[in-house]
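>>> Sequence and predicted model, in that order:
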Amino acid sequence: MNEFEQRQLPNATAVLVLGIISILSCCCYGIPGIILGVIALVLFKQDKNKYDLNPSLYTNYSNLNTGRILAIIGIALSVFYLIFIVGMIAVVGWDALQDPELLQERMNGW
């Protein structure tokens, strides 16, 4: 192998996919989005360190950076959704969230 042959960063695609899935899974009570986003950021950090050692050796840094941005967005959306769910449980109650009639009754009471 030629010493100047460019390679792809090993986790760039994984970071990109995990970032996308973290955004898509933020509506599952927020927990999966946070977990996937954090995993994506850990993998980003590993590949970023490799890239910083020799930037001319790797070709897909843009995918890695895009995945990082998507992971941050996914974490933020997941945290906001988790806070929203906890707030709804605190205000309305878990039983009302499971029973539409009780939820309507409590909302009309406000």
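Nice, I can see it.

>>> all contacts plus neighbour counts: C-alpha atoms, from now on.
Will do.

>>> Can you tell me what sits against stretch 38-55?
If you take C-alpha atoms under 8 Å, 6 or more residues apart in numbering as the criterion, stretch 38-55 is touched by 9-12, 14-16, 18-19, 57-58, 61, 64-65, 67-68, 71-72, 75.

>>> Now it: buried residues?
Val38, Ile39, Ala40, Leu41, Leu43, Phe44, Asp47, Lys48, Tyr51 (16 or more other C-alpha atoms under 10 Å).

>>> Among those residues, which lie within helices?
Assigned to helices by DSSP state H, the following of the buried residues of stretch 38-55 qualify: Val38, Ile39, Ala40, Leu41, Leu43, Phe44, Asp47, Lys48, Tyr51.

>>> roughly how far apart are the fifth one and Val92?
Translated: Leu43. Separation of Leu43 from Val92 (C-alpha to C-alpha, to the nearest Å): 39 Å.

>>> With the first one instead?
With the distance defined as C-alpha to C-alpha, Val38 ends up 31 Å from Val92.

>>> Show the backbone phi and psi for Gly109.
Torsion angles at Gly109 (phi, psi; degrees, to the nearest 10) stand at phi -70, psi -20.

>>> residues touching it, list them.
With C-alpha under 8 Å, 6+ apart, Gly109 has no contacts at all.

>>> does Leu64 really touch Gly19, like I thought?
No. If you go by C-alpha atoms under 8 Å, Leu64 and Gly19 don't touch, sitting 9.9 Å apart.

>>> Pick out whichever of the two has more residues nearby.
Comparing Leu64 with Gly19 by other C-alpha atoms under 10 Å, the one with more neighbours is Gly19, at 29 against 26.
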